[in-house]
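Undergrad: I would like the atomic coordinates for the input below:
(2 chains)
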Amino acid sequence: MSDEHPHTHEDLTKIHPLAVPFLWLANPKVERGFIWIPLIGMIITILLGLVYPQKHPAPWDKLFFGSWAVIGFFAYSFVVMSAEPLFKLLARDEDYYGEGSTDLEIADE
Amino acid sequence: MSDLMMQINPGFVVILLGVLCALIPVNPVRKFLVTTAPILAGIMIFQNYTSHEVIAGVIQVGPTKLTTLRIDPLSMIWGYLFCLAGVLNAIYAFHERCKITDSSALIYMGAAIAGVFAGDLLTLFIFWEMAAISSVFLVWKGGEGSFAAGVRYLAIHVLSGVLLLAGAVIYGRAKGSFDFGYIGLDAPGAWLMLIAMGIKCGFPFLHNWIQDAYPKASITGTVILSAFTTKLALYALARGFPGTDLLIYIGAIMTCFPVFFAVIENDLRRVLSYSLNNQLGFMVCGIGIGSELALNGVAAHVVADVIFKGLLFMSMGAVMLRVGTTKASELGGLFRSMPLTTLFCLIGAGSIAAFPLLSAFVTKSMIITAALDNGNLVVMMMLLFASAGVMEHSGIKVPYFTFFAHDSGKRVKEAPWNMLVAMGLASVLCIFFAFPWGGYQFLYSLLPYDVDYHPYTGDHVVFQMQLLFAAMLAFAFLKRIGAYPDERRAEILDFDWSYRRLGKNVMVWIDVMWTRLSAHVGNIRSKVIKSSGRKLFQFFSPAGGFSAAAPSGLPVILVGAMLVLALCVIYIGAQ
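TA: Numbering: from 1, shown residues only, chains lettered A, B, ... in the order given. Below you'll find the model as predicted:
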């Protein structure tokens, strides 16, 4: 007999008891709304940067406002956007070297 | 007895217990030894170290003096760290009934401890090689697919040892002593030793053994391996080459290039291996800067890295044990089944990403600040770029694709209790080492130089959070617009392609060519022999030319010519 979560419709008998209060994390609305947390956090910390300026600023800290946020956003985006061309260049069949998989045959204790 | 113990390198005791472990068939006794050996070594360090350099265990071998024990502030922190990692690893491996793993883990850990307390280069070489040989069994315990990786791992590490020995011998002959202190690049044999250390440290183009062997080792083997080999090499670099400018650039490159491989790699244990390389880069860079702040940062970050990287490998090991794979494309939604493992992984991810109140926040920033003080803005920018990269591969990718993302539908058991205890302790340490009220101060008290660095300043917290929030925003934004790439199963080529594919194919080609050449030469030889035999037969057989009727003058002329020739040879020989 299954015990279903009222909102997520997940079978609670298969969910770890400690995870049940956190099932909302899997809600698509939460996933979509997650973007607001870093956005608001970033705006707040950029504003706080005015209150707590760098004690030992690098040249770019003097050049533009919220310098570390700009570096963080563009560095992260550059790394992720480089994935597609790099994958095309470097990816080969999983058994390219003919040495087999690293996966376990059977997962047990 | 106490005086005798003061002469013994704590690593020797661990190695001895490791050998003993191999002979003990009773699992609980072995587990007791594996857990208590690092504690015993830690007690020995504590008893020996008196805030001044301790030199002991001096052995005279012919004209060579070996100093088997040297404890000073630099080696002390590495020694304690290895003991701490040994205890955590022992708890993590408590469920595993394997004599080979228990024994090799202890010998390997003992060799690493003995290596950092070695006072001379020859003693260091011995334990350098012992660490390599004992640890390969942990790779081979990963199953059939790990054999070739283990062989490559062993070959590369033995090569590293040979280079270290060659460099040490050249250095020792020139200096008249094998004492292991500051070497510097200008010393004889220094380049050989630097390359030897660079191999173990994962310098660019010498790094592939990490991503090759670690993901293929056994579940516990990967966790154990991540703690010792590279950190022993870092210690050797910090001892022999502090302030070497070249290391600043090597380190900066090491922080950046793994980021690009990690983002396209599907196997999360391999992602963590690239992440390990990236963190080593920060420390190599710090060693290159060589200021007191930088070296303190290196020592502190080594402690933090062993704990949080161990924690991340532990969490992926737990996933491997329960799900059977750590391929990101096959995982997702595991927080439903493994909530505690999820929590611990998030703490490890937060630590490596340097969130405030987690360990790297108080350690990595020392190195970045030292880079800024050093005035090298390009390097400083590279370190900042790499910090955003760390957030991508270890801070977000590993926990997100394993425990969240799309639900893979896999419903498994939570990790065994011993794994949870080990991960829980590591998580507590990640928090403790960054705790503002007594936590980081304790870590700083263990560092080799006096520390005048305060991590919890308003600007540090604010600007670090700017970087992290912005990286998270970029992730959320790229996900929302569908620009974040899906995880796909593939083998990602790296520099090891040069010897695993190109080198192998060249050797196969040489082998084929040699076989063909041998066959061809064999054919020619047999043809020549046959032809010569036929000719001789034609001349000397009863039916041959020499037996045929011929004018009597011709044999006389031939015999005369041969006699003249013989006389000439004898005459020349007699001169």
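
Undergrad: ranges for the strands of the stretch 451-575 of chain B?
TA: B:491-492 (DSSP state E, counting those that start in this stretch).

Undergrad: Let me see the ranges of the helices in it.
TA: With DSSP state H, counting those that start in this stretch as the criterion, the stretch 451-575 of chain B has helices at B:458-480, B:497, B:503-540, B:553-574.

Undergrad: pLDDT value on B:G545, please?
TA: Looking at B:G545, its pLDDT reads 70.

Undergrad: Quick check: closest non-adjacent residue to it.
TA: In space, and not counting its chain neighbours, B:G545 is closest to B:F539: 5.1 Å by CB to CB, 6 or more residues apart in numbering or on different chains. In this view, the C-beta of every residue, glycine as well, is placed from N, C-alpha and C.

Undergrad: and if you look at B:M338?
TA: According to CB to CB, 6+ apart, the nearest residue to B:M338 is B:E414 (5.2 Å).

Undergrad: neighbours around that neighbour, how many?
TA: 20 (other CB atoms under 10 Å in any protein chain shown).

Undergrad: Which pLDDT does the model give it?
TA: 96.

Undergrad: if we can go back for a sec, any idea which of the helices of the stretch 451-575 of chain B is most buried?
TA: helix B:458-480 (a mean of 23; mean count of other CB atoms under 10 Å in any protein chain shown).

Undergrad: what's the spacing between that one and its chain's center?
TA: 32 Å (CA atoms, centre = their mean, to the nearest Å).

Undergrad: cool, and stretch A:53-67?
TA: 27 Å.

Undergrad: quick one: contacts of that stretch?
TA: Under the contact criterion CB atoms under 8 Å, 6 or more residues apart in numbering or on different chains, stretch A:53-67 has outside partners A:42, A:46, A:49, A:68, A:70-71, B:369, B:372-373, B:377, B:380-381, B:457, B:459, B:463, B:466.

Undergrad: ok, how many other residues are close to the nearest residue to B:C430 once chain neighbours are set aside?
TA: Excluding the flanking residues, the one nearest B:C430 by CB to CB, 6+ apart is B:S351, at 4.2 Å. Neighbours of B:S351 under the rule other CB under 10 Å: 32.

Undergrad: Where does B:S351 fall, secondary structure wise?
TA: B:S351 belongs to helix B:339-352 when assigned by DSSP states H and E.

Undergrad: In chain A, where is pLDDT below threshold?
TA: Scanning chain A for pLDDT under 70 picks out A:1-2, A:5-8, A:104-109.

Undergrad: and if we set it to 50?
TA: Low-confidence segments of chain A (pLDDT under 50): A:1, A:106-109.

Undergrad: And the strands in it?
TA: Assigned by DSSP state E, the strands in chain A fall at A:91-92.

Undergrad: Let me see the ranges of the helices in it.
TA: Assigned by DSSP state H, the helices in chain A fall at A:28-33, A:36-51, A:59-63, A:67-81, A:83-90.

Undergrad: Tell me the helices and strands packed up against the last one.
TA: It stands for helix A:83-90. Packing partners of helix A:83-90 (3 or more CB pairs under 8 Å, 6 or more residues apart in numbering or on different chains; DSSP states H and E): helix B:245-264.

Undergrad: what angle separates the helix it packs on from helix A:83-90?
TA: The directions of helix B:245-264 and helix A:83-90 differ by 100 degrees, with axes from the mean of the first three to the mean of the last three CA atoms, to 10 degrees as the criterion.

Undergrad: For helix B:245-264, buried residues please.
TA: B:247-264 (16 or more other CB atoms under 10 Å in any protein chain shown).

Undergrad: Considering only those residues, which also neighbour chain A?
TA: Filtering the buried residues of helix B:245-264 for proximity to chain A by CB under 8 Å from any CB of the partner chain leaves B:259-260, B:263-264.

Undergrad: could you redo those residues as a markdown table and give each row distance to B:M513?
TA: Output for those, formatted as a markdown table (distance: CB to CB, whole Å):
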| residue | distance to B:M513 |
| --- | --- |
| B:V259 | 41 |
| B:F260 | 37 |
| B:V263 | 40 |
| B:I264 | 36 |
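
Undergrad: Now do the same for the closest residue to B:A190 other than its chain neighbours: its pLDDT.
TA: Of all residues not flanking B:A190 in the chain, B:I183 sits nearest, at 5.2 Å (CB to CB, 6+ apart). Note on B:I183: pLDDT of 96.

Undergrad: Would you agree B:I183 falls within a strand?
TA: No - B:I183 is assigned coil when assessed by DSSP: H, G, I helix; E, B strand; the rest coil, not a strand.

Undergrad: List the residues that contact the residue in the stretch 1-150 of chain B that chain A sits nearest to.
TA: Closest residue of the stretch 1-150 of chain B to chain A, CB to the nearest CB: B:G145 (3.7 Å). Contacts for B:G145 were tallied using CB under 8 Å, 6+ apart; they are A:99-102, B:216.

Undergrad: and those as a markdown table, adding neighbour count and distance to A:K29?
TA: Converted to a markdown table, these look like this (neighbours: other CB atoms under 10 Å in any protein chain shown; distance: CB to CB, whole Å):
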| residue | neighbour count | distance to A:K29 |
| --- | --- | --- |
| A:E99 | 17 | 44 |
| A:G100 | 15 | 42 |
| A:S101 | 16 | 37 |
| A:T102 | 21 | 36 |
| B:K216 | 27 | 41 |
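
Undergrad: Of those, just say which sits nearest to B:V29.
TA: B:K216 (29.7 Å; CB to CB).

Undergrad: The closest one touches B:K141, doesn't it?
TA: No - taking contacts as CB atoms under 8 Å, B:K216 lies outside contact range of B:K141: 10.0 Å.

Undergrad: To which secondary structure element is the residue nearest to B:M338 assigned?
TA: Going by DSSP H and E, B:E414 is not in any helix or strand.

Undergrad: Just to check, it is in contact with A:I15?
TA: No - with contact defined as CB under 8 Å, B:E414 does not reach A:I15; the gap is 11.2 Å.

Undergrad: Common neighbours of those two, please.
TA: If you check B:E414 and A:I15 against CB under 8 Å, 6+ apart, the residues they both contact are B:S337.
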